[in-house]
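# no sequence on this one, just coordinates:
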């Protein structure tokens, strides 16, 4: 392509130069021919005047024939009083006639016009001759340029193209350049562009090999980290809503093969229950769309495995930094046992709360019964000492019952409002006495 463009440019340049040369040469030769013919006429001027003066038509005819023998003069004639008296050659109708007066000089300095010399310069013939010469020169130039380009092409093919083809075949031969041997050309090292290119390719291979090794090592580390992770890890493509990769824990948790997981829509086996930061219940697709805004979202969900068993999981979703695709990392931690334990603890706590309420209720009733029985014995006692002892016991039990009542009214049993307790205690003592 480069050499084709060079040939076209050379032809265009030669054409422009040839056209310019043609115009310049045409004007130059026409001017030279005019000067040359005028010089020829001036050298025969006196002979023409004498011939006219002596009416020597043979001499005039010979002179006109001699003038027409010039290669670019095709017609010559002498006229007198507008009438051609003698002529030579063939007149062309589309070429302009040039005229020159034939004058006889008198002794007093006056001139008598004896006749007019008419001649015609064949400008078409001049142009044709020049064009022929220009075409020959143009062809020689084109042939010279083509020969030069051919020589350059051969030299370029031998010294450059052959090596470039070898480099191209070397690169295409090895799909993995990291496995390719060191590139070298069968030429003397001159530190030219080809040598620099070879050095650059070899350096690129070294760096590429090192980068591939680092990438493989990084991939192996990431694979081990992901496969050995306690969480099930899924890679989700948002555009197709399908899983594109998963770790061993995910295969174990769902009970499906990796291919089956990749062929199933994710919302068919993951159901969202509760999302951190959201009061209302949302769907999985909405959760994913919120994650696309570069948010990391946690949620509790239920999954359905291959045996149609339901497991409770803690879900964490994060978008990966990929510009070309919307990839999300979904990690699932099985919390089924924890949920069961929490339910068991909650049920046990409810039972203990019921038992504690029952104990507190019975304690309160027993204290009231004791106070009532002591009030009965105190009212029927005749001994003042016995009555005083029973009333003291009633006061103590009432104080204990009041503390017990206060404990049941507050959430924090480690402390009690002393001022409120003392006010109620004093009111009770007043009522008792």
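Thanks, I have it. Keep in mind the model is a prediction, meaning the values are calculated, not measured.

# for the record, mean pLDDT for whichever helix in the chain runs longest?
In the chain, assigned by DSSP state H, the helix with the most residues is helix 336-380. Across helix 336-380, the average pLDDT comes to 85.

# low-scoring stretches of the stretch 1-150 of the chain, by residue?
Counting by pLDDT under 70, the stretch 1-150 of the chain has low-confidence residues at 1-3, 6, 106-109.

# one more time with 90
1-76, 78-87, 89-150 (pLDDT under 90).

# before we move on, the earlier item: any idea how far the helix or strand that the longest helix of the chain is followed by is from the chain center?
As assigned by DSSP states H and E, the chain's next helix or strand after helix 336-380 is helix 384-409. Relative to the chain's own centre, helix 384-409 is displaced by 88 Å; criterion: Cα atoms, centre = their mean, to the nearest Å.

# stretch 188-196 too?
34 Å.

# quick one: buried residues of it?
Neighbour counts using 16 or more other Cβ atoms under 10 Å place 194-195 of stretch 188-196 among the buried residues. For glycine as for every other residue, the C-beta is placed from the backbone atoms N, C-alpha and C.

# what residues does that stretch touch?
Stretch 188-196 is contacted by residues 160, 163-164, 185, 187 when judged by Cβ atoms under 8 Å, 6 or more residues apart in numbering.

# which parts of the stretch 201-350 of the chain are helices?
248-254, 258-262, 284-291, 336-380 (DSSP state H, counting those that start in this stretch).

# now do the stretch 1-150 of the chain
Under DSSP H, counting those that start in this stretch, the stretch 1-150 of the chain gives helices at 2-43, 45-53, 57-68, 123-156.

# save those as JSON lines, and put in mean neighbour count and distance to residue 200 too.
JSON lines is the format used below for the helices of the stretch 1-150 of the chain (neighbours: other Cβ atoms under 10 Å; distance: least, Cβ to Cβ, whole Å):
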{"stretch": "helix 2-43", "mean neighbour count": "13", "distance to residue 200": "22"}
{"stretch": "helix 45-53", "mean neighbour count": "17", "distance to residue 200": "82"}
{"stretch": "helix 57-68", "mean neighbour count": "17", "distance to residue 200": "76"}
{"stretch": "helix 123-156", "mean neighbour count": "14", "distance to residue 200": "21"}
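
# quick one: closest of those helices to residue 253.
Smallest distance to residue 253 across the helices of the stretch 1-150 of the chain (Cβ to Cβ): 62.7 Å, for helix 2-43.

# that closest one packs against which elements?
helix 57-68, strand 111-121, helix 123-156 (3 or more Cβ pairs under 8 Å, 6 or more residues apart in numbering; DSSP states H and E).

# could I get the phi/psi values of residue 229?
phi -70, psi 140 (degrees, to the nearest 10).

# do the same with residue 70
phi -60, psi 140.

# from residue 128, how far out is it?
Using Cβ to Cβ, to the nearest Å, one obtains 16 Å as the distance from residue 70 to residue 128.

# now do residue 271
98 Å.

# please apply the same query to residue 380.
For residue 380 relative to residue 128 (Cβ to Cβ), the value is 166 Å.

# same check on residue 122?
For residue 122 relative to residue 128 (Cβ to Cβ), the value is 9 Å.

# and if you look at residue 147?
28 Å.

# same deal with residue 328?
84 Å.

# again with residue 192
52 Å.

# next one: residue 385
168 Å.

# ok, residue 84 next?
For residue 84 relative to residue 128 (Cβ to Cβ), the value is 28 Å.

# for residue 187, give me the pLDDT.
With respect to pLDDT, residue 187 has a value of 69.

# and if you look at residue 278?
At residue 278, pLDDT is 53.

# so can I have TSV of the helices and strands packed on helix 2-43 showing distance to residue 374?
Formatted as TSV, the helices and strands packed on helix 2-43 follow (distance: least, Cβ to Cβ, whole Å):
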stretch	distance to residue 374
helix 57-68	174
strand 111-121	164
helix 123-156	127
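
# those: which one's closest to residue 291?
Across these, closest to residue 291 is helix 123-156 (Cβ to Cβ), at 58.3 Å.

# after the closest one comes which helix or strand?
helix 162-173.

# tell me the angle that next one makes with helix 123-156.
50 degrees (axes from the mean of the first three to the mean of the last three Cα atoms, to 10 degrees).

# distance from helix 162-173 to the middle of the chain?
28 Å.

# now do stretch 195-205
26 Å.

# and it, what's buried?
Quick answer for stretch 195-205 (16+ other Cβ under 10 Å): 195, 198, 201, 205.

# which residues sit against stretch 316-335?
Contacts of stretch 316-335 (Cβ under 8 Å, 6+ apart): 229-239, 244, 250, 253, 266, 270, 287-288, 291-292, 294-301, 303, 311-315.

# could you do stretch 249-260 as well?
Taking Cβ under 8 Å, 6+ apart as the rule, stretch 249-260 contacts 227, 229-234, 245-246, 261, 264, 269, 303, 305-307, 311, 313, 332, 334.

# next one: stretch 122-142
Against stretch 122-142 from outside (Cβ under 8 Å, 6+ apart): 10-11, 14-15, 17-18, 21-22, 25-26, 29-30, 33, 71-74, 92, 95.

# now do the same contact list for residue 40.
Counting by Cβ under 8 Å, 6+ apart, residue 40 has contacts 67, 70.

# begin at 24 from now on, thanks
In the new count, where the first residue is 24, that last one comes out as residue 63.

# ok, it to residue 377 distance?
147 Å.

# what does residue 193 give?
In terms of Cβ to Cβ, residue 193 sits 85 Å off from residue 377.

# the more surrounded of these two?
residue 193 (17 against 10; other Cβ atoms under 10 Å).

# right, and the more buried one touches residue 207 too?
No: using Cβ atoms under 8 Å, residue 193 makes no contact with residue 207, being 9.7 Å away.

# if we can go back for a sec, between which two of the contacts of stretch 211-219 is the distance greatest?
187 and 210 (12.0 Å).

# if we can go back for a sec, list buried residues within the contacts of stretch 272-283.
So, by 16+ other Cβ under 10 Å, the buried ones in those are 254-257, 268-269, 284, 292, 326, 334, 336, 355, 357.

# now residue 79. Nearest residue, chain neighbours left out?
Closest residue in space to residue 79, ignoring its immediate chain neighbours: residue 73 at 7.3 Å, by Cβ to Cβ, 6 or more residues apart in numbering.

# ditto for residue 168
That would be residue 33: by Cβ to Cβ, 6+ apart, it lies 4.5 Å from residue 168.

# these two touch, right, that neighbour and residue 166?
No: using Cβ under 8 Å, residue 33 is not in contact with residue 166; the gap is 11.2 Å.
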